[in-house]
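A.B. asks: sharing a model prediction with you, sequence too.
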Amino acid sequence: MSVFSHIEFDHHEQVVYGHDQASGLKAIIAIHNRNLGPALGGCRMWPYASDEEALRDVLRLSRGMSYKSALARLPLGGGKAVIIGNPHTGKSAALFQAMGDFVDSLGGRYITAADSGTGVAEMQIMAERTRHVAGAGQREAFGGGMRNGDPSPSTAYGVFIGLQAAVKHRLGRDDLKGLRVAIQGVGQVGFGLAQQLKEAGAELWVTDIVEANVRRAVEQLGATAVGQNDIYGLEVDVFAPCAMGAIINPQTLEALRAPVIAGAANNQLADAGLAEELRRRGCLYAPDYAINAGGIIDVCYERNGGSTAELKAHIEGIGATLTEIFQRAEREGSTTTAVADRMAQERLHAGR
Ligand code: NAD
């Protein structure tokens, strides 16, 4: 299995394989770029069908983290870790202790955090073995009180800010009263977004594969429940994907009516070419890694310090970044994704 000639290699600084026979750990850590600071990115646990599949995922994700942090103006580089294993059946304290040792062996060049298949509990176990872990402690909540290290509330706040910027740019509206928003996935981020939209006077349509999550949004926020496949074709102002990736694809694109797409999900476009099709149709797409950066900003403030007010102000900067992307895309006749990538690359080069 080649690494240097891998299609996703893109000048990674370091790719390391870790194995621990006693716990069964098989993991890869990829460090893409540290021009702006130590590489920070989540540790994903997934039952990859092959080592090659795991390598491809970790390379793609770590490069994405370089871009996300650069665009969010954070003093961080991009990295990612993957553990090959089933998050439902394969977890043990020994496994995450071994993973903590693996992270520690890189001496702080890579800082880990929660991702799909891992959470605060796993970060706490890794923190027994390394200090290069984010999201393992307690944080002050925006609304007062304390919360655990889960960055989802910050992600939800950033998406809310970004959605407002997109609505202002595309629909010329300053307030969200009566704005019609369809949310796909009302989990940690989607429900947090729904709460803020409700407070701002928006009308909500929601779907989720977990019935209890739908019920919570209906009962607590007065949202209208719709079927999983009906969420795309609604006559709404905004479609907010907050569930899984690749949901903008040729099939869903045909159904989509919303002039704005602004949501938290990672890798929303099934392929990069769809950005041009969205532009052609007059649909304003808020690039996923720009609008969902609230979580990484949160993690960065936890590591480097800073008050809750400073964190909040930094997250609010997502609005200005998106507005710059939208305006530049319009001026240059380009897609929002191409402009976001260029802006991130400019910042990465400037940091060299
Ligand atoms: P979550 O698991 O809490 O919520 C996702 C929700 O989507 C769940 O309620 C799930 O049941 C639902 N869902 C899954 N498949 C669905 C489908 N086919 N149709 C409808 N609903 C479906 O996850 P989250 O932390 O809220 O993250 C949501 C998205 O945002 C993910 O794509 C994640 O990668 C991305 N994201 C999250 C953060 C964060 O801080 N949590 C940061 C950046 C990006």
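C.D. replies: Cool, got the structure.

A.B. asks: could you pull up the residues touching Ala350?
C.D. replies: If you count contacts by C-beta atoms under 8 Å, 6 or more residues apart in numbering, Ala350 has none. Any C-beta I mention is one placed from the backbone N, CA and C, and that applies to glycine too.

A.B. asks: quick check on it: phi, psi?
C.D. replies: In terms of degrees, to the nearest 10, the main-chain angles of Ala350 are phi -60, psi -30.

A.B. asks: what pLDDT does it get?
C.D. replies: With respect to pLDDT, Ala350 scores 88.

A.B. asks: and it, how far is that from the ligand?
C.D. replies: 25 Å (C-beta to the nearest ligand atom, to the nearest Å).

A.B. asks: now the residue of the chain found nearest the ligand: closest residue in space that isn't a chain neighbour?
C.D. replies: Nearest residue of the chain to the ligand (C-beta to the nearest ligand atom) works out as Gly187 at 1.8 Å. Spatial nearest neighbour of Gly187, excluding adjacent residues (C-beta to C-beta, 6 or more residues apart in numbering): Asn213 at 6.3 Å.

A.B. asks: how about the contacts made by that neighbour?
C.D. replies: Contacts here follow C-beta under 8 Å, 6+ apart; on that basis Asn213 touches 186-187, 191.

A.B. asks: re earlier: was I right about the residue of the chain closest to the ligand contacting Ile209?
C.D. replies: No. Under the criterion of C-beta atoms under 8 Å, Gly187 is not in contact with Ile209, lying 9.9 Å apart.

A.B. asks: what residues are shared contacts of these two?
C.D. replies: Ala243.

A.B. asks: measure the residue nearest to Gly187 to Leu171 for me?
C.D. replies: From Asn213 across to Leu171, the span is 28 Å (C-beta to C-beta, to the nearest Å).

A.B. asks: same check on Gly162?
C.D. replies: 14 Å.

A.B. asks: who's more crowded, the two?
C.D. replies: Gly162 (29 against 14; other C-beta atoms under 10 Å).

A.B. asks: hang on, the more buried one packs against Ala290?
C.D. replies: Yes. With contact defined as C-beta under 8 Å, Gly162 counts as touching Ala290 (7.1 Å).

A.B. asks: who touches both of the two?
C.D. replies: 318, 322.

A.B. asks: coming back round to it: neighbour count winner among Gly187 and Ile209?
C.D. replies: Using other C-beta under 10 Å, the more surrounded residue of Gly187 and Ile209 is Gly187, with 15 against 11.

A.B. asks: list the contacts for that one?
C.D. replies: So Gly187 contacts 208, 210, 213, 242-243 (C-beta under 8 Å, 6+ apart).

A.B. asks: now Val16, what are its backbone angles?
C.D. replies: Torsion angles, degrees, to the nearest 10, at Val16: phi -130, psi 140.

A.B. asks: pull the number of nearby residues for it.
C.D. replies: That count, for Val16 with other C-beta under 10 Å as the rule, works out to 15.
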